[in-house]
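Asker: This is a predicted model, with the sequence first.
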Amino acid sequence: MTASEKTFHRIINELPKGIEGKMFGAKSIKAANGKTAAFFWKENMTFKLDKETQLEALKLDGSRIASHLYATEKPMNGWVLIPERHSEKWLGFAKKAVDYVENI
């Protein structure tokens, strides 16, 4: 298991409202309503965020609007990929993502 995968599993264990699941075959974090809040893919995390939090996340070096895993030319509106080098920030964004998807 890579360091990034360990971080993903630590986040799942620390999120009181997060449930481990799958999205497009990737490990994911779901809210109690079944909606996906974040997913782990190729050592990075991608989060479903409100507009204000998207802008905050996009300020991180290397962060970008996510694209579909298997159709990379298609952007995933509302989803931001945050690279592994910012993994210390993943838990905070995961909490915000779960809170956000619970209310949409």
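Answerer: Perfect, thanks for sending it.

Asker: what kind of secondary structure is the residue in the chain sticking out farthest from the centre in?
Answerer: Distance to the chain centre peaks in the chain at E73, reaching 19.2 Å (criterion: CA atoms, centre = their mean). The local conformation at E73, judged by DSSP: H, G, I helix; E, B strand; the rest coil, is coil.

Asker: got the contact list for it?
Answerer: Residues in contact with E73 (CB atoms under 8 Å, 6 or more residues apart in numbering) are S67. (Glycine included, C-beta is placed from N, CA and C.)

Asker: confidence score at it?
Answerer: Note for E73: predicted pLDDT of 79.

Asker: and R64, how many neighbours?
Answerer: R64 has 16 neighbours, counted by other CB atoms under 10 Å.

Asker: swap that for S67, sorry
Answerer: 15.

Asker: wait, it sits on T46?
Answerer: No: counting by CB atoms under 8 Å, S67 sits too far from T46 to count as a contact (9.4 Å).

Asker: Quickly list what's touching both of these two.
Answerer: Contact criterion CB under 8 Å, 6+ apart; residues shared by S67 and T46: M76.

Asker: Endpoints of stretch 11-24, how far apart?
Answerer: 20 Å (CA to CA, to the nearest Å).

Asker: buried stuff in that stretch?
Answerer: With burial defined by 16 or more other CB atoms under 10 Å, the residues of stretch 11-24 counted as buried are I11, I12, L15, G18, I19, G21, M23.

Asker: Which of the residues you listed fall within helices?
Answerer: If you go by DSSP state H, those have I11, I12 in helices.

Asker: any chance of the buried residues of stretch 11-24 in TSV, plus distance to A31?
Answerer: TSV is the format used below for these (distance: CB to CB, whole Å):
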residue	distance to A31
I11	14
I12	13
L15	10
G18	7
I19	7
G21	10
M23	12
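
Asker: Appreciated, that's everything.
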